[in-house]
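>>> sequence and predicted structure are below.
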Amino acid sequence: MQSMLMIDTLLVSPLGEIPLAAMGIATTIIAFILGIQMALANGTQLVLSRAVGSGVKASLSKAFWAGLSINTTVALLFLILLTFFEQPLLQALTEDKSLHLQISSYLDFSKYLVIFTALTQVIIALFNGLGRTNVPFKGYLIELPINAALSYVLIHGVSSFEGIGVEGAALGSVIAITIRLIYLVLCVHYDSNVSIKLDTNIEAFITNIRKHFIEIFPVAANVTMLSIGATIYQLLYSQLNINAYVAITLVMPWIRAGTQFITAWAHSSAITISQAIGSKKMDELTKNVNTSIDVAVGMSFVCAIFFAGLSLVIADIYPDLDPSTYQALVIIAPLYIFLPIARGYNTVHGHILRALGKTTDVFKINFTGQWIISIPLCALVIFVFDGSIFWAFAIQPLEEVVKAFPFRHLARKSLREFDAQKASKLMYD
């Protein structure tokens, strides 16, 4: 998802500040919805991983179809909401009429991403749970170049075709993810080691869906809360001058894409822990958790170094922007360089705790750090103190610092208390 948004932003940037601002608002809406869908799939991934660890194929197939049913239903709900409430949403987000048409044009195509994402993410969760992570990886390798090439042609045109601007970015992404979905479905169909045949009656399956939803809902609620928070951050930043907002719009896809590597490692750690819980082999659980955290911290520093390099060449990546936009990018550079270090530490702790059944506690820490402390403080900086882009953007790394100690303390405590009895409570099928 982050790569798709980054490609769209990169290709739209030559069109100027207005299309970029429209992209920033539109992609914030889409990223919020896709984030919820991915959270549901991540919850399903934990259930699938435990099923793989237990070795019971029937549990695996029921978990897959339950997860797919839930995610697809949620996707259809969001598609309906976007279709019928798009204009009231746009009017609530911005009063700038020049942005409305371009945002609407982007959403007219990109809203269909929610359906394809629902299907692809659950299939990806299946392969990740099975330890076949190379299959989804190849899917991304197929999608990204197709997305980049199609979006470029559709945005800027080629030969006699003049291009369709912002709409082209959305249409290119929809076509690319459709191709990836076809690839994933074929992989499931032709892989003899993947068995998802559902052998149960309707009543039992509905019961399984209910239990599945009860488990994954807190994961989705947690990510939804964080996504809403991220959306509010973007809306608060939109109250800064347009050059400051465009600067933040430009770096946010890079931040999300860069930290995805850390998030991917955190997902892998949660899968390993869930498989161990399913197989009831937990002798080296603490050792594995410590290793996961150490690697995540190392990856966070590498990501920070990458962002430091990005800050030196970002003007070359996005040429022909207003000088004030480049100045704003320089001002926030130290902040987005430090951000992945703190965020990576918290991310791996959060995923490990979810695998241990502590999703509600993770929610409480995230809610307190973001909603009780950071967002009100950001609003205070912008609306009361009329703070600069530096102080407004500094709230995000501050939020991660505030949450770091509670995450560390809860993880140590949970590992000390985790035993076979607690593991059994997580196995409902």
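Noted; the coordinates are in hand. Numbers count the residues shown, from 1 in each chain.

>>> can you find the helix or strand in the protein with the smallest mean pLDDT?
helix 420-426 (a mean of 69; mean pLDDT, DSSP states H and E).

>>> got the contact list for L356?
I273, S414, L415, F418, K422 (C-beta atoms under 8 Å, 6 or more residues apart in numbering). For the C-beta atoms, the positions are set from N, CA and C on the backbone; glycine is no exception.

>>> let's see 6 Å
Shown in contact with L356 (C-beta atoms under 6 Å, 6 or more residues apart in numbering): S414, F418.

>>> remind me which residues of the stretch 1-150 of the chain are low pLDDT?
Within the stretch 1-150 of the chain, the stretches with pLDDT under 70 are 1-3, 5-6.

>>> which residues in it form helices?
Ranges of helices within the stretch 1-150 of the chain are 2-12, 17-54, 57-93, 97-110, 113-129, 134-156, based on DSSP state H, counting those that start in this stretch.

>>> nearest to F338, of those?
With C-beta to C-beta as the measure, helix 2-12 is the member of those nearest F338 (19.3 Å).

>>> how close does M299 get to L48?
Distance of M299 to L48, given as C-beta to C-beta, to the nearest Å: 24 Å.

>>> in terms of neighbours, single out the busier of the two.
Counted by other C-beta atoms under 10 Å, M299 and L48 do not tie: L48 has more neighbours, with 29 against 21.

>>> now what about stretch 316-331, what contacts it?
With C-beta under 6 Å, 6+ apart, stretch 316-331 has contacts from S13, N243, A244, V246, A247, L250, I314, A315, I389, F390.

>>> how many neighbours does the first one have?
S13 is surrounded by 20 other residues when neighbours are defined as other C-beta under 10 Å.

>>> if we can go back for a sec, among the contacts of stretch 316-331, name the buried ones.
Among the contacts of stretch 316-331, those classed as buried by 16 or more other C-beta atoms under 10 Å are S13, N243, A244, V246, A247, L250, I314, I389.

>>> could you find the closest non-adjacent residue to the second one?
Nearest in space to N243, with sequence neighbours left out and distances taken as C-beta to C-beta, 6 or more residues apart in numbering, is S324 at 3.9 Å.

>>> again with the last one
Taking C-beta to C-beta, 6+ apart, and ignoring the residues beside it in sequence, I389 has A244 as its nearest neighbour in space, at 4.1 Å.

>>> tell me the spacing between the one you found and E17.
11 Å.

>>> helix or strand next in line after the one helix or strand I305 maps to, which one?
Element membership of I305, judged by DSSP states H and E, is helix 285-317. Going down the chain from helix 285-317, the next helix or strand is helix 323-355, by DSSP H and E.

>>> quick check: mean pLDDT across that next one?
Helix 323-355 shows a mean pLDDT of 93.

>>> and that helix, which residues are buried?
325-326, 328-329, 331-355.

>>> for it, what is the distance to the chain centroid?
Mean C-alpha position of helix 323-355 versus that of the full chain (C-alpha atoms, centre = their mean, to the nearest Å) differs by 14 Å.

>>> angle of the strand or helix carrying Q396 against helix 323-355?
Following DSSP H and E, the helix or strand that holds Q396 is helix 395-417. Here helix 395-417 points in a direction 10 degrees away from that of helix 323-355 (axes from the mean of the first three to the mean of the last three C-alpha atoms, to 10 degrees).

>>> give the contact list for A333.
A333 neighbours (C-beta under 6 Å, 6+ apart): S311.

>>> quick one: it from S311, how far?
Note on A333: its distance to S311, by C-beta to C-beta, is 4 Å.

>>> cool, G131 as well?
Distance of G131 to S311, computed by C-beta to C-beta: 37 Å.
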